[in-house]
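Visitor: Need a 3D model of the sequence below.
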Amino acid sequence: MLGRKMHIALSAALLVGVSLPVSYARETPDTLETRIGTLHFESGYPSRETVDKLYDEMDFQRASQAYIWGLPAVGLDEWRRAHYNVFGGKNGEMLTYFDFAEKL
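Guide: Numbering: from 1, shown residues only. Predicted coordinates:
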């Protein structure tokens with residue numbers, strides 16, 4: 001059974017009169033082993049479980065990136081709060097520490 005993309009490609013090739021590349025002639029595998037588990041395909045399209053698994057993986061990747069990219073901003077804000085609340089610095093004032101013990 002051919003997938004929708006394969007039908008469209010075959011129809012276009014017959015209408016235009018060109019030959020299809022070899023990649024269209026190959027069958028799409030029914031399963032694919034990946035780092036996130038086995039992905040199942042039906043007629044070349046991902047099954048519902050596979051779609052859900054891929055969306056979960058995308059959510060995980062986006063959350064990881066948000067954490068990585070947000071970490072410097074959180075650290076900078078904590079530094080700003082310490083400047084005002086812990087060390088008594090004022091707006092526009094620069095504090096200098098001569099050694100690590102003074103900072104504590």
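Visitor: Which helix in the protein has the most residues?
Guide: For the chain, the helix with the greatest residue count under DSSP state H is helix 48-85.
Visitor: average pLDDT across it?
Guide: Averaged over helix 48-85, pLDDT sits at 93.
Visitor: Next, count neighbours for the residue nearest to residue 54 when sequence neighbours are not counted.
Guide: Of all residues not flanking residue 54 in the chain, residue 46 sits nearest, at 7.0 Å (CB to CB, 6 or more residues apart in numbering). Placement of C-beta: from N, CA and C, glycine included. When neighbours are defined as other CB atoms under 10 Å, residue 46 has 15 of them.
Visitor: Residue 46 and residue 32 touch, don't they?
Guide: No: shown here, residue 46 and residue 32 do not form a contact pair, counting by CB atoms under 8 Å, at 9.4 Å.
Visitor: what's the overlap in contacts for the two?
Guide: Both residue 46 and residue 32 are contacted by residue 39, under the criterion CB atoms under 8 Å, 6 or more residues apart in numbering.
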